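1. Got a predicted structure here, sequence first:
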Amino acid sequence: MSRTLGLPGGIRACLFDLDGVLTQTATVHAAAWKQMFDAFLRNRAEATGSTFEPFDLERDYHEYVDGKLRYDGVRSFLASRGIDLPEGEPSDSSDVDTVIGLGDRKNELVLSLIRRGVETYPGSLLYVRAAMDAGLRLAIVSASKNCREILLSAEIDDLFEEVIDGVVAEREHLSGKPAPDTFLAGARALRVPPAEAAVFEDALAGVAAGRAGGFGFVVGVNRSDQSEALLEHGADVVVSDLAELLERS
């Protein structure tokens, strides 16, 4: 049945990233990252007398934070600018300039945007329901700690058997994407070998994680004109909309 979904024979499960694949929240996350980092960088430039170089939504977002666990994204971007901040404590206020403080500051911004409502990609939901009808097992694998809130807001929480999100990753000490740990956890939760599962990702880190985990098929979803980069990071196929896979079957 998987072949009717544009997938190789033998695929029994689908592991979907959330932001940018199923829901139109990747742009929300990107906007929140930019607002948070620009304010931090501007204040730092004023304090040190250096030149303010804003967070670049094309280069910095896709290269350093997209698809990664929140604090990993903070560390990765700061390292790219040669900025060393204390890790901080979970009890840190979000106005403290630590890795945890900056991450929590971004999270407050994105939550305020998410609560205004979450839109889905119609083609993606068409594909998810087709996969359900075909008898494939379905799970969400997301770096976001707000994953369940987004699923509820989008009213799609009943479509998936398992959810592996940032909360689960923290609790089970799973490394974030591009490490394959969270996708492997998703496959385990569905009791399906990685070779019999397909990964659906729009982030370069997520595609790399799917390839590193030895999954049977990796679908890159091109939402931001990075088709070649998705292929270079390990996608077997790249589509602009998941409904295209139904048309190819």
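-> Now that the structure is in, tell me what you want to look at.

2. can you give me the strands for this protein?
-> Assigned by DSSP state E, the strands in the chain fall at 13-16, 137-141, 162-164, 197-201, 217-221, 237-239.

3. what are the bridge partners for residue 221, then?
-> residue 239 (DSSP bridges).

4. count of residues packed around it?
-> Residues near residue 221, counting by other CB atoms under 10 Å, number 28. The C-beta positions use only the backbone N, C-alpha and C, and glycine is treated the same way.

5. my read: it touches residue 237, true?
-> No - the pair residue 221 / residue 237 is not scored as a contact, 10.1 Å apart, by CB atoms under 8 Å.

6. Helices along this protein, start to end?
-> If DSSP state H is used as the criterion, the helices of the chain fall at 26-48, 59-60, 70-80, 99-114, 122-133, 147-154, 166-171, 181-190, 204-212, 227-232, 243-248.

7. how much space is there between the nearest residue to residue 242 once chain neighbours are set aside and residue 11?
-> Excluding the flanking residues, the one nearest residue 242 by CB to CB, 6 or more residues apart in numbering is residue 127, at 3.8 Å. Using CB to CB, to the nearest Å, residue 127 is found at 13 Å from residue 11.

8. Could you find the closest non-adjacent residue to the most centrally placed residue in the chain?
-> Geometric centre of the chain, nearest residue: residue 67, 3.4 Å, by CA atoms, centre = their mean. What sits nearest to residue 67 in space, not counting adjacent residues and going by CB to CB, 6+ apart, is residue 203, at 2.8 Å.

9. show me the contacts for that neighbour.
-> 17, 20, 62, 66, 67, 68, 177 (CB atoms under 8 Å, 6 or more residues apart in numbering).
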